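> what's the 3D shape of this:
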Amino acid sequence: MSLILVTGGVRSGKSRFAEELAEKTSESVIYVATGEAWDEEMTVRIEQHQARRPASWGCVQVGGLLSGGRLSDSLTACASHEVVLVDCLSTWVSNRLISVPEQEWRSEAITHDVLRDAQEWLSAIADAGHSQTVIAVTSEVGLGGVAMNRLGRWFADVLGDVNQLTAKQADTVYAVLSGIPWRIKG
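Numbering: from 1, shown residues only. The predicted structure follows:
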């Protein structure tokens, strides 16, 4: 199984590029959607993503749960497709942290659980013996300033670690800047 990571800022064009990459790779694509419609703006954003994807693609809407919160479980549900497009890891991390009570923000145990789930997902990709391609989209939040609150700083730290783990294992990594993909690994 090969792993491609597509990173970039918000509205950088990373999702669109990942979708184009998936479409070029195979007609057998399943989209693993991690976004949840918390408000009207997010509902519109999700609808725009849905409208852009070919109707022939499968879709698993996992929100923050990813089959009980474990990212690795999503691969099992997608085994019959040649390409698995996970959009996106940053939303998955956000969903994992947003429900944590304020007194537990920056909990080492919760941070460890999220990183363990990410590592298990990466191990499942490495252990798979078939020719499936996984394309994971993520946000590169470290390019901006330091977040103004503790939850924001915790999110940036955890996502940065998840991104580093994923990029280290990925066969190919693209950074998308202002709609322009830049191959930075592989």
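
> surely Trp154 touches Leu97?
Yes: the pair Trp154 / Leu97 is scored as a contact, 6.4 Å apart, by Cβ atoms under 8 Å. Placement of C-beta: from N, CA and C, glycine included.

> give the residues shared as contacts by these two.
Common neighbours of Trp154 and Leu97 are listed as Trp105 (criterion: Cβ atoms under 8 Å, 6 or more residues apart in numbering).

> and the two? which has more neighbours close in?
Neighbour totals were compared for Trp154 and Leu97, and Leu97 leads with 22 against 19 (other Cβ atoms under 10 Å).

> could you check how far the nearest residue in space to that one that is not next to it in sequence is from Tyr174?
Spatial nearest neighbour of Leu97, chain neighbours left out: Phe155 (5.6 Å); criterion: Cβ to Cβ, 6 or more residues apart in numbering. According to Cβ to Cβ, to the nearest Å, Phe155 and Tyr174 sit 22 Å apart.

> next: Pro54.
Computed as Cβ to Cβ, the Pro54 to Tyr174 distance reads 21 Å.

> ranges for the helices of the chain?
Applying DSSP state H to the chain gives helices spanning 14-25, 40-52, 66-69, 73-77, 89-98, 108-127, 150-169.
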